[in-house]
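Trainee: any chance you can model this:
(one chain, ligands or ions: 1)
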Amino acid sequence: MPRIDPIAEVKEDHGKVRDLLLDIMSAIKRRDVTKAFELLLILDKLGGPHFRFEEEVMYPAMKRFYGEDYYLRLLEEHDRVIRAAKQLAETLGKGSITEEESERLIKLIQNEILPHPITCSGLEILMEKLSPEELEKIAESIEAGREAEVPLLEWADTIRARKA
Ligand SMILES: [Fe+2]
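Mentor: Coordinates of the predicted model:
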């Protein structure tokens, strides 16, 4: 029986993602690759369980509000985040970056990753319209995802049926 408030948890996750992304961009601007990579690993750990409960329970539960097309758009947005996170990991994994790479990575975050917490946090207003039973299911899936602890890129390559 979950004791967590799923709306508060989702909101908190999005706040954490926002802070991590802003900090990663500052580190990249300073070309502090070690720091940026360290923060990316934290984001990877947080993002796996987050995307998982969204895709497995939360997004389908709210389909009746936004319909099939917007639902697919949300999944596409996740695809973009996954692809961008892979590129970030690859580039930062080299250990150092050029000025040009730093600019490219910042644009990548701004255009491909940051839009997720912006739009997804907006979905909290729809979560408020779900039934207590549906919210309960989301709460359970949040807890299950956190317990499973599968990071984002690993989940995307193994468990996630849809390929980015
Ligand atoms: Fe989200």
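Trainee: so for the chain, the centremost residue is which one?
Mentor: Centroid-nearest residue in the chain, with CA atoms, centre = their mean: Gly47, separated by 4.3 Å.
Trainee: and Gly15, what element?
Mentor: Following DSSP states H and E, one finds Gly15 within helix 6-29.
Trainee: pull out the buried residues from that helix.
Mentor: Counting neighbours by 16 or more other CB atoms under 10 Å, one finds that the buried residues in helix 6-29 are 6-7, 9-10, 13-14, 16-17, 20-21, 23-25, 27-28. All C-beta spots, glycine's among them, are computed from the backbone N, C-alpha and C.
Trainee: quick check: next helix or strand after that helix?
Mentor: Going down the chain from helix 6-29, the next helix or strand is helix 33-53, by DSSP H and E.
Trainee: could you give the mean pLDDT of the helix holding Gly15?
Mentor: The pLDDT scores in helix 6-29 average 96.
Trainee: ok and it relative to helix 33-53, angle-wise?
Mentor: Helix 6-29 and helix 33-53 are oriented at 160 degrees to each other (axes from the mean of the first three to the mean of the last three CA atoms, to 10 degrees).
Trainee: roughly how far does Leu88 sit from Leu75?
Mentor: As judged by CB to CB, to the nearest Å, Leu88 and Leu75 stand 20 Å apart.
Trainee: what about the longest helix seen in the chain, distance to the chain center?
Mentor: Scanning the chain for the longest helix, with DSSP state H as the assignment, gives helix 63-92. Distance of helix 63-92 from its chain centroid, counting by CA atoms, centre = their mean, to the nearest Å, is 9 Å.
Trainee: quick one: mean pLDDT over it.
Mentor: For helix 63-92, the mean pLDDT works out to 97.
Trainee: show me what that helix is packed up against.
Mentor: For helix 63-92, the packing partners by 3 or more CB pairs under 8 Å, 6 or more residues apart in numbering; DSSP states H and E come out as helix 33-53, helix 59-61, helix 99-108, helix 115-122, helix 152-157.
Trainee: which one of these lies closest to Arg80?
Mentor: Arg80 lies closest to helix 115-122 among the helices and strands packed on helix 63-92, at 7.9 Å (CB to CB).
Trainee: report the angle between the closest one and helix 33-53.
Mentor: Going by the same axes, to 10 degrees, helix 115-122 is angled at 40 degrees with respect to helix 33-53.
Trainee: from here on, count from 14
Mentor: Fine by me, first position is 14 from now on; the one you just mentioned is helix 128-135.
Trainee: what lies in contact with helix 128-135?
Mentor: The contact list for helix 128-135 (CB atoms under 8 Å, 6 or more residues apart in numbering) reads 23-24, 27, 30-31, 34, 67, 87, 90-91, 93-94.
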